[in-house]
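# got a structure for you, letters missing:
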């Protein structure tokens, strides 16, 4: 394959775009690990963190209504069709709640349908493959995929993420301003 170059990074990005799913999540992981991967690749793969093709807004609204178990229009009086960000696991939309639900402006994070099972199955397969090929690989990819697996498990738990954001908000709201 040759040494890493910006052109090779772009070629890798195109292959990942075509393959989607787990490979996009892997690209996000690689883009944050300059200690493990060449800079030419980590720089090129940064675009996979929040600007992927968004899901159709009709699908997004259907997922929301199914999860909330109420008609979409009962909860939201406004919903931006263009997401604020769209990544491998979810996308985020700005919305306004109806008065019945408090009337505030919110960010709505919607997980891509079936993405958790797809990604976790892909990781399990790659871990099994790297375990079998351990001696032939230049580094311990099993360990890398295991770390990615742990990160993904946290990423799928939106309630846990919300709790963490609430704790951060509470800390910032009660902390004295320093400058």
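Thanks, I have the structure now. Given the structure is predicted, the values throughout are model-derived calculations rather than measurements. Residues are numbered from 1 along each chain as shown.

# Extract the residue ranges of the chain that are flagged as low pLDDT.
Within the chain, the segments meeting pLDDT under 70 span 1-6, 21, 49-52, 135-137, 177-179.

# the strands in it, which residues?
76-79, 85-86, 90-97, 105-111 (DSSP state E).

# Kindly reformat these as JSON lines and extend each row with mean neighbour count.
The C-beta positions use only the backbone N, C-alpha and C, and glycine is treated the same way. Converted to JSON lines, these look like this (neighbours: other Cβ atoms under 10 Å):
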{"stretch": "strand 76-79", "mean neighbour count": "16"}
{"stretch": "strand 85-86", "mean neighbour count": "18"}
{"stretch": "strand 90-97", "mean neighbour count": "18"}
{"stretch": "strand 105-111", "mean neighbour count": "16"}
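
# need those in a markdown table with distance to residue 36, can you?
Shown next, in a markdown table, are those (distance: least, Cβ to Cβ, whole Å):
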| stretch | distance to residue 36 |
| --- | --- |
| strand 76-79 | 39 |
| strand 85-86 | 25 |
| strand 90-97 | 25 |
| strand 105-111 | 27 |
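
# who are the neighbours in contact with residue 90?
109, 110, 111, 112, 115, 158 (Cβ atoms under 8 Å, 6 or more residues apart in numbering).

# With adjacent residues omitted, what lies nearest to it?
Spatial nearest neighbour of residue 90, chain neighbours left out: residue 111 (4.8 Å); criterion: Cβ to Cβ, 6 or more residues apart in numbering.

# check contacts around that neighbour.
So residue 111 contacts 63, 89, 90, 156, 158 (Cβ under 8 Å, 6+ apart).

# Now do the contacts for residue 77.
Residue 77 sits in contact with 96, 97, 98, where contact means Cβ under 8 Å, 6+ apart.
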